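Colleague: only geometry, no sequence info:
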Ligand code: ADP
């Protein structure tokens, strides 16, 4: 790693979206109005399933799509109508988009040559970025002589040399195999810390989002569901969509009715009315719905096998042993429930088991809206 990399931290800019909306010409509303502030030097990840509007949002920031309504500010300047080249941003795509007939050096230098920077400056910037990214030995090669990971490094290098005030990444690792993806993910994380640059990063991969993001924006159907730190979205999901999108296997969700005994609350599950789940927190922790109908959310790691008394009877349908841990696929009544725990003695499919949940860690959602009931 080079110590002489020209640091863009001096001009890392904030990005602000206020009510930013996109309706395509055919009437598709891809983004319904996003409010988001990316602070200078922050790495924010937009994550959500395919088609939720994350690329459209990023492309509006880049200037590759027009903005239908709302205001986009970069570094305190409204840029809605500014062409991409004038926004002081650099974008890294999934499909590296390198010029095949140019060497790595020429690819990285290209934008700087267009800007007519002095040759010595271009050389210094390209070599510093190449050193940071481990590309020094490859500078004279053509893209076809590089592996996928090396090509993606060149694409990132091409962004770095421009010293933009904001980096935009659109699924940059999706073309790489799993091992390379996690290696490049760590490199991008380290690069972010070294450069202190503002980065907006789009992915459909929850692991990338959880490990890279200072904050995560979870999107679904063109709307923002939640903006929070990785632990915030995991521990305090705003709704059942976020709760199930982040975490693998996903959170178990069981419908039931609330019961009060003074300040103590329990949930009588439809799947097993005979063993109410007692909540650790009193009613002051929750906004209780009039209907009393709730969805109880329990992550697989918050369930464990127990002996009898007060626990939920379930049928074991499948055991998956993953070396150090195991997933038990069970059914409580008719509802599928997954338990994650340390690998233990093997079970027999069809076996009757009892499940206990850590009631201090459960989530409650309104059955009608799916929104969290946590105050
Ligand atoms: P994501 O990046 O989350 O997969 P996109 O932003 O690419 O989602 O797309 C959001 C929605 O907008 C999708 O329903 C998609 O089909 C639609 N869409 C994307 N591009 C266009 C376009 N050029 N014209 C019309 N609809 C589009």
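Modeller: Great, that's in hand. Only a predicted model underlies this, so the values are computations on that prediction, with no experimental measurement involved. Residues are numbered from 1 along each chain as shown.

Colleague: wait, doesn't residue 355 sit right on residue 304?
Modeller: Yes - in terms of C-beta atoms under 8 Å, residue 355 counts as a neighbour of residue 304; the distance is 7.2 Å. For glycine as for every other residue, the C-beta is placed from the backbone atoms N, C-alpha and C.

Colleague: who touches both of those two?
Modeller: residue 339 (C-beta atoms under 8 Å, 6 or more residues apart in numbering).

Colleague: which one of those two has more residues nearby?
Modeller: Remark: of residue 355 and residue 304, residue 355 carries more neighbours, 21 against 17, as counted by other C-beta atoms under 10 Å.

Colleague: which stretch of helix or strand covers that one?
Modeller: Using DSSP states H and E, residue 355 maps to strand 352-357.

Colleague: helices or strands next to that strand in the packing?
Modeller: Contact partners of strand 352-357 among helices and strands, from 3 or more C-beta pairs under 8 Å, 6 or more residues apart in numbering; DSSP states H and E: strand 303-306, strand 312-322, strand 325-332.

Colleague: so which of those strands is nearest the ligand?
Modeller: strand 325-332 (28.4 Å; C-beta to the nearest ligand atom).

Colleague: what pairs with the closest one, parallel or antiparallel?
Modeller: strand 312-322 (antiparallel), strand 335-342 (antiparallel) (DSSP bridges).

Colleague: now do the first one against strand 352-357, angle only.
Modeller: When you say that, I think you mean strand 312-322. 90 degrees (axes from the mean of the first three to the mean of the last three C-alpha atoms, to 10 degrees).

Colleague: now strand 312-322: buried residues?
Modeller: In terms of neighbour count (16 or more other C-beta atoms under 10 Å), strand 312-322 has its buried residues at 312, 314, 316, 319.

Colleague: what's around the residue of the stretch 251-375 of the chain found nearest the ligand, how many residues?
Modeller: When distances are taken as C-beta to the nearest ligand atom, the stretch 251-375 of the chain reaches nearest to the ligand at residue 370, 20.0 Å away. Using other C-beta under 10 Å, residue 370 has 17 neighbouring residues.

Colleague: check contacts around the spatially closest residue to it that is not a sequence neighbour.
Modeller: Once flanking residues are discounted, residue 370 sits nearest to residue 240: 4.2 Å by C-beta to C-beta, 6 or more residues apart in numbering. Contacts for residue 240 (C-beta under 8 Å, 6+ apart) come out as 253, 295, 297, 365, 370.

Colleague: out of those, name the ones that lie in strands.
Modeller: Those of the contacts of residue 240 mapping onto strands are 253, 295, 297, 365, per DSSP state E.

Colleague: contact partners for the nearest residue to the third one once chain neighbours are set aside?
Modeller: When you say that, I think you mean residue 297. Nearest residue to residue 297, sequence neighbours excluded (C-beta to C-beta, 6+ apart): residue 363, at 3.4 Å. Applying C-beta under 8 Å, 6+ apart to residue 363 gives the contacts 237, 243, 251, 296, 297, 298, 372, 374.
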